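Engineer: okay, here's the prediction I keep looking at, along with the sequence it came from:
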Amino acid sequence: MAVDESRSNAGGERGPSGTRPKWPETGTAFAWPVLMAILLAYALLLAAFFVPAHPGVDQNGYMTTGRELATHARLYFVPRNPYQFVGAMMVQTPAGKIFAKYPPGVGVLAALAWFIGGPRAIYIVDPACAIIGLAAAFFLYRRFVSHFLALIGVLLLAVNPVILQFADDANSHGAAFGFTLVGFSLLVIWWECGGYWRGIAAGFFLGACASMRYTEILWCIPLAGVLLLARFDARRRWREVLPVAGAFALPVLVLCMINWASFGAPWRTGYWFCDEQSGFGWRYLLAGDHTHFDDQGNWITALGQFENMGLFLILPLTITGLGALLAEKPKWGMFFAAWIIPSTTVYLFYYWAPDRLDTVGYLRFFIDVIPAMLLVALWCLETIFRGKPFTGALVVGLLAALAGEYGLVMAVPAMEQARQSKWGLLAAARALQAHGERGSIVFAEMPECDYLNSIGGYQLYNLQLFTPQFFQRCVKLQSSSGPHPLQAARVAEYLRLFGKPTVRGQHGRRQPLSLAGFHAIELRIIRRAFTAGREVFYIVPRRLKWPTVPSEKGIRTEEVAEWQDVILQSQRGRAGFGKHRKASARTIAMALYRIVPAVIQPAASPALTTAADAKAAPRALRPRP
């Protein structure tokens with residue numbers, strides 16, 4: 001191992017591996033410029049694809065929470081009517097309040113960014129945390145391997161296709177990635193070197209991860225192991241150990257109190273309303289979820305995706321290295337096993353596991369254990385080439401070049417596709433801000449609603465709700481068993497709002513309204529907006545103006561803005577090494593329509609030719625002198 005046994009800490013206490021480390025290490029002058037260069041290049045790469053917007057439903061949940069915290073100091077909002085847009089990942093409590101099903105930690109960070117830089121700053125949270133996470137990874141890695149391998153590890157994390165795509169995603173993964181690495185790097189340094197405030201900071205960062213992703217409560221397992229070893233093996237005093245545990249428990253207790261106030265019990269989360277606590281089981285591990293994906297066990301999906309996307313060329317080294325680390329350095333081996341195995345096992349039993357080889361939808365759940373897996377692989381490489389530094393550097397450099405190039409090949413097309421979709425959202429928002437007032441009524445598709453709801457300022461209506469296709473989807477969801485991301489109570493409410501009873505003998509099932517019936521609901525919302533003095537807009541593709549935009553006598557449609565959306569679609573299937581995934585581009589003409597009351601012209605009156613006619617005519621029709 002790279003830890004030098006001649007090092008000693010300021011307090012004279014022995015580290016957990018039997019060494020006497022000190023902080024910081026000597027001989028690191030060359031490493032800092034290289035680390036700074038990697039971080040700068042990573043920041044520039046993220047900046048090249050950064051657009052302060054996102055069309056996703058998950059992202060809407062996190063960012064809407066941040067907006068509500070920043071603007072109203074609360075975690076929920078109350079819709080004005082049952083037709084108003086509510087994100088798919090939001091849940092409605094019996095009191096009528098709309099919460100995100102997710103924990104509020106990312107929302108807190110987004111609210112802080114909102115206070116500093118305004119609405120668009122909420123999208124900087126993930127990139128900033130990802131960059132901080134890479135820097136923290138170096139401080140963690142250098143405790144176990146050489147500086148050269150630590151820098152290689154940081155570089156591989158930077159170009160990992162899973163981490164790279166979610167480093168700019170307005171989701172929870174970038175923030176949890178940064179907090180996890182900061183927490184574990186501080187914990188390892190505290191374990192070896194001590195330091196009261198260092199231990200408190202480690203506990204707090206690890207505990208705060210649970211407020212971003214509920215499953216990160218599992219960080220209590222490696223933390224508890226370290227604290228027990230520090231107390232009974234390294235002879236640390238309880239007054240050094242207990243504050244670390246207390247710092248971890250503090251954000252967890254705050255989270256429990258928030259859940260208690262929001263959902264009725266400290267252990268209840270927003271997922272409870274969707275029955276997703278039942279989405280874990282042996283059948284998903286062994287046979288997969290037949291409802292959403294192919295009948296393939298999650299263990300097969302995870303192995304295939306890790307080999308193809310998650311840890312390309314590195315997964316065998318991780319498996320081998322963990323066994324060797326447990327045998328050679330049991331304490332460190334148990335630490336990494338406690339970090340990797342519980343979290344990985346939980347998601348192997350999870351029902352949501354897209355099984356395409358070139359997707360990151362499932363691997364995103366493992367982002368916070370990928371750094372540990374990579375570090376174990378690096379330690380394995382250093383052990384294999386112990387005493388052969390030149391050969392080892394050559395092999396590691398070649399491995400890093402292959403894995404890095406492959407990661408960029410897999411990630412860049414998806415990032416470009418996401419960037420183009422975000423630009424379309426920004427164009428829609430700018431057109432709306434230029435031609436409409438805040439508080440206007442806006443009908444749009446779900447991606448536009450998700451983004452506009454995140455930044456706030458408009459009363460939104462999802463056009464997909466006013467279609468028979470969405471109604472049929474709700475019918476299918478209501479008849480299916482098992483967990484589903486969309487809340488069952490909301491599904492039942494949509495069926496009531498947009499359905500009509502069928503003939504007798506159908507056991508109470510409903511069928512959707514006609515197109516005229518859906519338009520009648522929209523027109524009722526429009527007329528109420530006119531009465532309240534609010535403007536009404538539609539954001540739709542120009543070619544779908546009809547039948548999307550309703551019309552009737554007494555209203556008029558004006559096109560006030562137009563822009564082009566570029567949609568990139570990557571080819572599906574496995575992309576071999578060195579083969580760039582081709583993307584087909586198509587352009588969609590989008591338009592912003594304003595709905596206004598029609599001005600009814602009075603009927604033409606006959607000319608008044610004689611004085612008698614003028615005298616007999618109403619005052620309003622008499623010619624002016």
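Structural biologist: Happy to help now that I have it.
Engineer: got the phi and psi for the residue positioned nearest the centre of the chain?
Structural biologist: By CA atoms, centre = their mean, the mean C-alpha position of the chain lies nearest to Asn171, the distance being 2.0 Å. Backbone torsions of Asn171, given as degrees, to the nearest 10, read phi -120, psi -170.
Engineer: and it, how close does it get to Pro485?
Structural biologist: From Asn171 over to Pro485 the distance is 14 Å, taken as CB to CB, to the nearest Å. For the C-beta atoms, the positions are set from N, CA and C on the backbone; glycine is no exception.
Engineer: just Gln165 next, same as before
Structural biologist: For Gln165, the distance to Pro485 - CB to CB - is 20 Å.
Engineer: the two: who's more crowded?
Structural biologist: Gln165 (23 against 16; other CB atoms under 10 Å).
Engineer: so what pLDDT did that one get?
Structural biologist: In this model, Gln165 is scored at 94, pLDDT.
Engineer: isn't there a helix covering it?
Structural biologist: Yes. Counting by DSSP: H, G, I helix; E, B strand; the rest coil, Gln165 is located in a helix.
Engineer: what residues are up against it?
Structural biologist: When contacts are counted by CB atoms under 8 Å, 6 or more residues apart in numbering, Gln165 touches 360, 411, 414-415, 418.
Engineer: do that again at 10 Å, thanks
Structural biologist: Residues in contact with Gln165, defined by CB atoms under 10 Å, 6 or more residues apart in numbering, are 49, 171, 173, 309, 360, 363-364, 367, 410-412, 414-415, 418.
Engineer: just give the closest residue to Arg198, not the sequence neighbours.
Structural biologist: Trp190 (4.7 Å; CB to CB, 6 or more residues apart in numbering).
Engineer: any stretches of this structure with poor pLDDT?
Structural biologist: 1-28, 288-295, 501-509, 568-585, 599-625 (pLDDT under 70).
Engineer: that one: strands as residue ranges?
Structural biologist: 76-77, 90-92, 98-100, 441-444, 459-462, 499-501, 510-512, 536-541, 555-570, 583-597 (DSSP state E).
Engineer: want to throw the ones you listed into a markdown table with mean neighbour count and distance to Asp58?
Structural biologist: Listed next are the strands of the chain as a markdown table, based on neighbours: other CB atoms under 10 Å; distance: least, CB to CB, whole Å:
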| stretch | mean neighbour count | distance to Asp58 |
| --- | --- | --- |
| strand 76-77 | 20 | 18 |
| strand 90-92 | 24 | 11 |
| strand 98-100 | 23 | 9 |
| strand 441-444 | 24 | 19 |
| strand 459-462 | 22 | 16 |
| strand 499-501 | 13 | 28 |
| strand 510-512 | 18 | 28 |
| strand 536-541 | 22 | 21 |
| strand 555-570 | 14 | 20 |
| strand 583-597 | 15 | 23 |
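Engineer: distance to Cys380 added to those strands, as a markdown table?
Structural biologist: Below are the strands of the chain laid out as a markdown table (distance: least, CB to CB, whole Å):
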| stretch | distance to Cys380 |
| --- | --- |
| strand 76-77 | 48 |
| strand 90-92 | 44 |
| strand 98-100 | 40 |
| strand 441-444 | 51 |
| strand 459-462 | 50 |
| strand 499-501 | 59 |
| strand 510-512 | 58 |
| strand 536-541 | 53 |
| strand 555-570 | 33 |
| strand 583-597 | 36 |
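Engineer: nearest to Leu109, out of the ones you listed?
Structural biologist: Closest of these to Leu109 is strand 98-100, at 13.8 Å (criterion: CB to CB).
Engineer: tell me how far that closest one is from the chain's mean position?
Structural biologist: 15 Å (CA atoms, centre = their mean, to the nearest Å).
Engineer: residue contacts, Asn298?
Structural biologist: 283-289, 347-353, 355, 362.
Engineer: swap in 7 Å and give it another go.
Structural biologist: Neighbouring residues of Asn298 by CB atoms under 7 Å, 6 or more residues apart in numbering: 284-285, 288, 348, 353.
Engineer: what's the burial count for the closest residue to Met89 other than its chain neighbours?
Structural biologist: Excluding its sequence neighbours, the residue lying closest to Met89 (CB to CB, 6+ apart) is Gly61, at 4.0 Å. For Gly61, the neighbour count with other CB under 10 Å is 26.
Engineer: thought Val91 was touching Gly61, still the case?
Structural biologist: No. The criterion here is CB atoms under 7 Å, and Gly61 misses it with Val91 at 9.4 Å.
Engineer: list residues touching both of the two?
Structural biologist: Lys101.
Engineer: can you give me the neighbour number for Leu242?
Structural biologist: Leu242: 14 neighbours (other CB under 10 Å).
Engineer: I'd say Met309 and Leu164 touch.
Structural biologist: No. Between Met309 and Leu164 there is no contact, the gap being 10.7 Å when judged by CB under 7 Å.
Engineer: and which of the contacts of Gln165 is nearest His72?
Structural biologist: For the contacts of Gln165, the minimum distance to His72 (CB to CB) is 22.7 Å, reached by Asn171.
Engineer: make CSV out of the contacts of Gln165 and add distance to Phe204.
Structural biologist: Formatted as CSV, the contacts of Gln165 follow (distance: CB to CB, whole Å):
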residue, distance to Phe204
Phe49, 32
Asn171, 22
His173, 20
Met309, 32
Val360, 29
Leu363, 28
Arg364, 25
Ile367, 21
Met410, 35
Ala411, 32
Val412, 36
Ala414, 34
Met415, 32
Ala418, 32
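Engineer: which of those residues count as buried?
Structural biologist: 49, 171, 173, 309, 360, 363-364, 367, 410-412, 414-415, 418 (16 or more other CB atoms under 10 Å).
Engineer: buried residues, stretch 313-329. List them.
Structural biologist: Counting neighbours by 16+ other CB under 10 Å, stretch 313-329 gives 314-315, 317-318, 321-322, 324-325, 329 as buried.
Engineer: how far off centre is it?
Structural biologist: Using CA atoms, centre = their mean, the offset of stretch 313-329 from its chain centre is 31 Å.
Engineer: neighbours around Leu164, how many?
Structural biologist: Neighbours around Leu164, by other CB under 10 Å: 24.
Engineer: and it, what does it touch?
Structural biologist: 407, 411 are the contacts of Leu164 under CB under 7 Å, 6+ apart.
Engineer: repeat for Pro485
Structural biologist: For Pro485, the contact set (CB under 7 Å, 6+ apart) comprises 88-89, 274.
Engineer: try it again at 10 Å.
Structural biologist: By CB under 10 Å, 6+ apart, the contact list for Pro485 reads 57-58, 88-89, 101, 271, 274, 276, 279, 292, 352, 477.
Engineer: if I look at the nearest residue to Leu46 once chain neighbours are set aside, how far off is Ala427?
Structural biologist: Excluding the flanking residues, the one nearest Leu46 by CB to CB, 6+ apart is Pro127, at 4.8 Å. Note on Pro127: its distance to Ala427, by CB to CB, is 22 Å.
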